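In: Fold the following for me, if possible:
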Amino acid sequence: MKKVHIVGSGFAALTAVKTLRKVNRDNLDLEITLISPKAEFQYLPGTIWIPCELRQPKDLIIPLDNFFKRMKVNYVAAEAMGLKNNGRTLITSEGELDNDALIICTGGRFIKKLSGIEHAITPCEGVDAAVKIRDRLKSLQGGTIAFGFSGNPKEPSAMRGGPMFEFLFGIDSQLRKEGRRDKFKLVFFTPAENPGQRLGPKAVNGLLKEMKRRDIDTHLGHKMKQFTDHSVITEGGEFDADLIIFMPGMTGNTWFDNTDLPRSSGGMISANKHCQVDSMDTVYVAGDSGSFPGPDWLPKQAHMADLQAEASAKNILAEFNGDEANHTFKAELVCIVDSQDSGILVARTEKRNIVLPRMKLFHWLKRFFEWWYLRQYK
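Out: Residues are numbered from 1 along each chain as shown. As a prediction, the model looks like this:
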């Protein structure tokens, strides 16, 4: 029996499970073990709707017990702590686990070195962070709300700016519906002069036009210096902020430091186009944990994590069967920048960049996709 260990319980990890079972069917005696602190999946794209209460936390936190039973997955409630034996032994908080193949899907870690960053809320840290934003909005009677993101200078792909545009436009829409928009000033800030470049040149102009249309101020192209409990400070000046919603750049997980995993300059796990970890046998990485070859706009996005997880799982099965591990992933960005009642569709490949204007249809497509995606895990 071949043992495959999957570390994590996010998009990449669960897609890896599904792919292993679907592609293998009953041809190979395969034991799948998933290691994660909790047997649950948090659907982070839906957190943009928590502040306006289109979604409640219970809608986005999916228990995985039934999914694990259907997929015949052994679950270990533990945290990854390190590796040894060239990846064949995973060290966890509950002991050591030996494997024949390993897929690392533990996501990225936000870089929180900026002075005063404790005064900001980082929405993609999970459902709890979105609840904090919701509660703070309810308590504010007026003032300035600052929205921003930055990157990892050593890892251009290690940023997640898309959700910040959604929180920005969504909260603007929410305040307007509540009749409170005139009591608030919204400011968008980032060290980049042209925000949204990873979405493509067409998207940058569209996003800036949308901010102008909504009377959202911008503070662009200035290096971050500090947050306080009432302000944002950059090299280009300081402005007041009663609520700061900020997405830092990402780096690798701290447990990577207790391994021989090859690392990129930005701290991610170095992998090739087949998602194989460099210089390690039958060790793969998918999603935010990895540093992959590809265009400089290669996204840290759920869709990309799914594609990388599929390639990883197929290559593991190929190796077990004595075949060449030649499956790879397509560099593809697909997202709907939602604003609670409408959305802008953005798609990018190495050959095309498509941006479709704001439509109500796209908001409903995003909600339908969420329903379709989550039903497979319930």
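
In: Every contact and neighbour count from this point should use C-alpha atoms.
Out: Will do.

In: From residue 308, how far off is residue 154?
Out: From residue 154 across to residue 308, the span is 22 Å (Cα to Cα, to the nearest Å).

In: neighbour-wise, which of those two wins?
Out: Between residue 154 and residue 308, counting by other Cα atoms under 10 Å, residue 308 is the more crowded of the two (28 against 12).

In: That one against residue 284, yeah?
Out: No - assessed by Cα atoms under 8 Å, residue 308 is found out of contact with residue 284, at 9.5 Å.

In: what do those two both touch?
Out: Here residue 308 and residue 284 share the contacting residues residue 275, scored by Cα atoms under 8 Å, 6 or more residues apart in numbering.

In: Run a quick neighbour tally on the nearest residue to residue 48 once chain neighbours are set aside.
Out: Ranked by Cα to Cα, 6 or more residues apart in numbering and with sequence neighbours excluded, the top spatial neighbour of residue 48 is residue 167, at 5.8 Å. By the measure other Cα under 10 Å, the count of residues near residue 167 is 25.

In: and residue 167, that's in a helix?
Out: Yes - judged by DSSP: H, G, I helix; E, B strand; the rest coil, residue 167 forms part of a helix.

In: when you give positions from now on, start the count at 17
Out: Okay, using 17 as the starting number, the last item reads as residue 183.

In: Surely it and residue 66 touch.
Out: No - in this structure, residue 183 is not within contact of residue 66 by Cα under 8 Å, at 9.9 Å.

In: give me every residue that touches the residue nearest to residue 279 when sequence neighbours are not counted.
Out: Leaving aside its chain neighbours, residue 279 sits nearest to residue 285 (4.6 Å; criterion: Cα to Cα, 6+ apart). Residues in contact with residue 285 (Cα under 8 Å, 6+ apart) are 268, 277-279, 293, 301, 305-307.

In: Could you do residue 89 as well?
Out: By Cα under 8 Å, 6+ apart, residue 89 lies in contact with 47-50.

In: run the last query once more with 7 Å
Out: 48-50 (Cα atoms under 7 Å, 6 or more residues apart in numbering).

In: quick one, phi/psi of residue 261?
Out: Dihedral angles of residue 261 (phi, psi; degrees, to the nearest 10) stand at phi -110, psi 110.

In: Touching, it and residue 138? I think so.
Out: Yes - shown here, residue 261 and residue 138 form a contact pair, counting by Cα atoms under 7 Å, at 6.1 Å.

In: how near is the residue nearest to residue 64 to residue 163?
Out: Relative to residue 163, and taking Cα to Cα, residue 183 is found at 8 Å.

In: Residue 97 in helix, strand or coil?
Out: strand.

In: if I read this right, it contacts residue 108, doesn't it?
Out: Yes - here residue 97 reaches residue 108: they are 4.9 Å apart, a contact under Cα under 7 Å.

In: Can you tell me what sits against stretch 259-271?
Out: 96-98, 124-128, 136-138, 160-168, 174-175, 282-284, 305.

In: If we use 8 Å, what do you get?
Out: By Cα under 8 Å, 6+ apart, the residues outside stretch 259-271 that reach it are 96-98, 122-128, 135-140, 149, 152, 160-168, 171, 174-177, 180, 246, 248, 282-285, 305.

In: taking those one by one, which sit in helices?
Out: Among the contacts of stretch 259-271, the residues falling in helices (DSSP state H) are 149, 152, 180.
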